[in-house]
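> I'd like to go over a predicted model; first the sequence, then the structure.
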Amino acid sequence: MSPYFTKLNITVSSDGLLLDATKMPVLKYYDAAQKHALRARKQFDNYVAIPNATYVPREEDAQALLQHLPKELVEIEMPDLWAMNIRPQHSANVLPAHRDMTRLASVTFFFDTHGEETSFYEYEGANLVKVASFVANSGDVYLLNNDKVHDVRLAHPHIRKSLGFSFVTTPFEIVHEKLRAAGLAD
Ligand SMILES: [Fe+2]
C-alpha cells in the first residue's frame, strides 16, 4: 500500500452539496510560506505559493457524507468535515509544499476538478523529491496522509473545491485499515 494516499472505492455526486465557501464561516487561515514551501520555491520553477483557508460546511452536508464512512472508523474518531476553495490568481499558482499542522489524515471528496495535481515528497539530503502524485476526477474520494509533505498544482483560473473529513488524532495507517476492512480501500 502507498504510505501517501489511496483512492477509495466510492464515487460521490455533488448534487445537493454546498461547495461555495464564500457562504461558509472560516475555520482557519494558512500562510503560504511554511518551511517546506520555502525549500520547494528554491528547487522548482514557476512555483507561486498561495495562502489558503479551511471553511465550515453545512451540517446537513457533513451528515450526508458521513454515511460513506464505516462505523468501525467513526468509533475511533468522529471526524469534522472541512471545506476548501483554493482560488488561483496566477497561472503558476500552487498550494505550496506543507504538512498539515492540524490533522494527520483526511478522507477528501473532490468536486468540479480541472486536472489539479496533488504530489507527495520526501527529503533526500536537503532536497525535496517527488515520490507519488494523483489527479482526481470530480466525484473521486481519496484517503490522504496529510502528515507527509505535499502540494497541489492548481488549474488557473478554476477554483479547487473539496470537502474532507479530518482525522486529527488517528494516523493514516489506522484510517486505511478500517476503510480496507469495510471494502472501501485496496
Ligand atoms: Fe494539506
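Looks like it arrived, so ask away. Residues are numbered from 1 along each chain as shown.

> Can I take it that residue 179 is in a strand?
No. Residue 179: not assigned to a strand; according to DSSP: H, G, I helix; E, B strand; the rest coil it is helix.

> show me what contacts it?
Residue 179 makes contact with 6, 8, 70, 73, 107, 143, 185 under the criterion Cβ atoms under 8 Å, 6 or more residues apart in numbering. Quick note: C-beta positions are derived from backbone N, CA and C, even for glycine.

> Run through the neighbouring helices and strands of whichever strand or helix holds the second one.
Following DSSP states H and E, one finds residue 8 within strand 5-11. In terms of contacts (3 or more Cβ pairs under 8 Å, 6 or more residues apart in numbering; DSSP states H and E), strand 5-11 is packed against strand 127-135, strand 140-145, helix 172-181.

> and with 6 Å instead?
strand 140-145 (3 or more Cβ pairs under 6 Å, 6 or more residues apart in numbering; DSSP states H and E).

> and the strand it packs on with helix 172-181, angle?
If you take axes from the mean of the first three to the mean of the last three Cα atoms, to 10 degrees, strand 140-145 sits at 140 degrees to helix 172-181.

> Strand 140-145 pairs with which strands?
Using DSSP bridges, the strands paired with strand 140-145 are strand 5-11 (antiparallel), strand 105-111 (antiparallel).
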